[in-house]
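Colleague: All I have is the shape, not the residue letters:
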DNA sequence: ACCTGAACACCGTTCAAGT
DNA sequence: ACCTGAACACCGTTCAAGT
């Protein structure tokens, strides 16, 4: 006898994102996710292949969220500061989005505005190299900041602005 | 009746490093580590508090290994290229060392030569900010490279040298 | 057509009992 | 004084049985 679904992929991913942020990736269990959407764990397998797939979908949702924010920005400084603000506001989602567990497509969407900006700064030929410089710096900085790796004193805010300033200078003309 | 230990912390950490590199962090189980040193899993708890502590010790051993390599280098380019060579040769160890699961001390030791180099380049006042710029870029670049995140074409080697060149220019005088 | 209980394999960890 | 078997709680995952 056919039965209507009691949950949906959308509800599952949304619940997963909330659990991720409150309990971390380790707390994002199939059981916890199922409970959040009102079913038992085995039912989730009607909607996702396995936990890895669920984690990947959550990573993509986060990356697309970020992409939307970045698309509204202009210039290297705006992009970098918005990325940092987003990362600090959604630490677990940020870590997951850049962990390589999502699709390449979602991350590429988020990176597109950076590429457009470097193209304007250094021209077509060096745009990709320059985007990789900026992206590597920004994501490296944030992963260190979120991990609490800046422990030698000094202002982390100042270090971010210093890096942004030096990179902007290095990519000018 | 006293019994001599059948293994040691050193042997456990060494075995753990080998398992990490061949089977990844997920494969680094207490059981696998115990088997590698010839005891059963519960015996490991005589030497380490729990799996997290073991993982932390392995992260530190890797970071100190890297620190030794970096200490033999001179100049930004030498440091960056040696870091990249080491990261590619010990991918899992690299990821773990920079994951924040080790002690701050071990990573600080590895970072010391970078700080010394930026001090020589930009002076005492900006040395820390500059070291953070370089470190963030290098670790960000490598985490992306190891994750296979550079998929838009172009030469990854060229992108690395481009970044190194632009950063060197940005930190000159 | 979806959901569930029960079961399985596999973790980390504890601890009483062996030597 | 160290090591082990047995046990426990907790995972992810499968599947026959319910509705």
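Modeller: Cool, got the structure. No experiment lies behind these values; they were computed from the predicted model shown. Numbering: from 1, shown residues only, chains lettered A, B, ... in the order given.

Colleague: pLDDT weak spots in chain A?
Modeller: Applying pLDDT under 70 to chain A picks out residues A:1-2, A:173.

Colleague: what does it have sitting close to DNA strand D?
Modeller: Residues of chain A found near DNA strand D (Cβ under 7 Å from any atom of the strand) are A:1, A:3, A:28-32, A:41-42, A:45, A:50-52. Every C-beta, even on glycine, is put in place using the N, C-alpha and C of the backbone.

Colleague: Based on its surroundings, how many neighbours for the nearest residue to residue A:72 once chain neighbours are set aside?
Modeller: With sequence-adjacent residues excluded and distances taken as Cβ to Cβ, 6 or more residues apart in numbering or on different chains, residue A:72 is closest to residue A:82, at 7.8 Å. Using other Cβ atoms under 10 Å in any protein chain shown, residue A:82 has 17 neighbouring residues.

Colleague: Please list the outside residues in contact with the strand or helix carrying residue A:157.
Modeller: Using DSSP states H and E, the element containing residue A:157 is helix A:156-170. Identification of contacts with helix A:156-170 by Cβ atoms under 8 Å, 6 or more residues apart in numbering or on different chains yields A:76-77, A:80-81, A:84, A:133-134, A:137, A:141, A:145, A:150, B:126, B:128-130, B:132-133, B:136, B:166-167, B:169-171.

Colleague: which parts of stretch A:90-102 are buried?
Modeller: For stretch A:90-102, the neighbour count (16 or more other Cβ atoms under 10 Å in any protein chain shown) marks A:90, A:91, A:92, A:93, A:94, A:95, A:96, A:97, A:98, A:100, A:101, A:102 as buried.

Colleague: hmm, it touching chain B?
Modeller: Yes - contact of stretch A:90-102 with chain B (Cβ under 8 Å from any Cβ of the partner chain) involves A:98, A:99, A:100.

Colleague: Test my guess that the first one contacts residue A:139.
Modeller: Yes - the pair residue A:98 and residue A:139 passes the contact test of Cβ atoms under 8 Å, sitting 5.5 Å apart.

Colleague: Find residues that contact each of these two.
Modeller: With Cβ under 8 Å, 6+ apart, residue A:98 and residue A:139 have common neighbours residue B:143.

Colleague: do you know how far residue A:113 is from chain B?
Modeller: Going from residue A:113 to chain B by Cβ to the nearest Cβ, to the nearest Å gives 14 Å.

Colleague: what's near enough to touch whatever residue of chain A ends up closest to chain B?
Modeller: Residue nearest to chain B within chain A: residue A:140 (2.4 Å; Cβ to the nearest Cβ). The neighbours of residue A:140, taking Cβ under 8 Å, 6+ apart as the test, are B:135, B:136, B:137, B:138, B:139, B:140, B:141, B:143.

Colleague: mind redoing it with 6 Å?
Modeller: Contact analysis of residue A:140 by Cβ atoms under 6 Å, 6 or more residues apart in numbering or on different chains lists B:136, B:137, B:139, B:140.

Colleague: List just the nearest of those residues to chain A.
Modeller: So of those, ranked by how close each gets to chain A (Cβ to the nearest Cβ), first place is residue B:140, at 2.4 Å.

Colleague: Report the separation between the closest one and DNA strand C.
Modeller: The gap separating residue B:140 from DNA strand C is 29 Å, by Cβ to the nearest atom of the strand, to the nearest Å.

Colleague: okay, now the domains of chain A?
Modeller: Here the domain assignment for chain A is A:1-48, A:62-171, based on automatic domain parsing.

Colleague: Stretch A:26-33: which residues count as buried?
Modeller: For stretch A:26-33, the neighbour count (16+ other Cβ under 10 Å) marks A:28, A:30, A:33 as buried.

Colleague: Sounds good, over and out.
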